[in-house]
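In: Provided below are the primary sequence and the corresponding predicted coordinates.
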Amino acid sequence: MHALKQMDMANVLFLDIETVPAYKSFSELSPDWQDLWARKARFMMKNDETPDMLYEKASIYAEFGKVIVIGVGVLRGFDSSYKLRVKTYAGHDEKAVLADFAGLLNSHYHGNQFMLCAHNGKEFDFPYLARRMMVHGIPLPFLLDTAGKKPWEVPHLDTMELWKFGDFKNFTSLNLLAHLFGIPTPKDDMDGSQVGPVYWQENDLDRIATYCRKDVVTLAQLMLRFRGESLIPDEHVILAEN
């Protein structure tokens, strides 16, 4: 992890996204979209499962889901004096949420010295954001525009990839690593599987945004542990105005 120790953490934007199916239920899809989802779902079906039963999984596919919350965090200071500033972009209008986030990247994170960091970000968060921006006609910010770049030119950090050390056999959750490294995880309100129901059935976007902020804090804490540094105390975590 020598390269991580040399990295300026002030240039890293930590992020986490929350996604849901684009519609409340399979029945709300047009016939064309029902057929397209059925074709996708057939590769996931087990026993007597139907496309309708599997529609909750649409949230993980950028073609069938949408982004409702983007949480970001930035570190300032050094080692034991670090302060973490956390902010969320949340809303029912996905295009507006993505445009606001793109504006942040374009105005403050445009250059080779900056990096994005997420857990499983290379497989999920980064491509999901880029794909949904393209759907809405939002020009890709520098940090998400990876087309034509060599792997070492892509400005992305992935804590799950760092933990794998080249081993690609399985998925290691952020929650598992947090427990392994002794990072407090006060996620006693909900988990990722509940995001869709909380959004579509309870209409509680604030609850989801709070959940997302907790993940951003845990992500930043994990990166500091990877670097062999101390955890950030709760009083040094600052929630920015949305």
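Out: Sure, I can see it. Small disclaimer: the values here were computed from a predicted structure and weren't measured. Residues are numbered from 1 along each chain as shown.

In: Could you give me the buried positions within the least confident helix or strand in the chain by mean pLDDT?
Out: Scoring the helices and strands of the chain by mean pLDDT, DSSP states H and E places helix 2-6 at the bottom, with a mean of 77. Using 16 or more other Cβ atoms under 10 Å as the test for burial, helix 2-6 gives residue 4. Just so you know, the C-beta spots here come from the backbone N, C-alpha and C atoms, and that holds for glycine as well.

In: From the contact counts, what lies against the next helix or strand after that helix?
Out: Downstream of helix 2-6, the next assigned helix or strand under DSSP states H and E is strand 12-21. On a contact count with 3 or more Cβ pairs under 8 Å, 6 or more residues apart in numbering; DSSP states H and E, strand 12-21 meets strand 65-76, strand 115-118, helix 125-135, helix 195-200, helix 205-226.

In: Same list (those) but as JSON lines, adding distance to residue 145.
Out: Formatted as JSON lines, the helices and strands packed on strand 12-21 follow (distance: least, Cβ to Cβ, whole Å):
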{"stretch": "strand 65-76", "distance to residue 145": "17"}
{"stretch": "strand 115-118", "distance to residue 145": "12"}
{"stretch": "helix 125-135", "distance to residue 145": "8"}
{"stretch": "helix 195-200", "distance to residue 145": "27"}
{"stretch": "helix 205-226", "distance to residue 145": "23"}
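
In: gap between the residue of the chain most remote from its centre and residue 226?
Out: Of all residues in the chain, residue 48 sits farthest from the chain's C-alpha centroid, using Cα atoms, centre = their mean; the distance is 32.0 Å. Applying Cβ to Cβ, to the nearest Å, the value for residue 48 to residue 226 is 44 Å.
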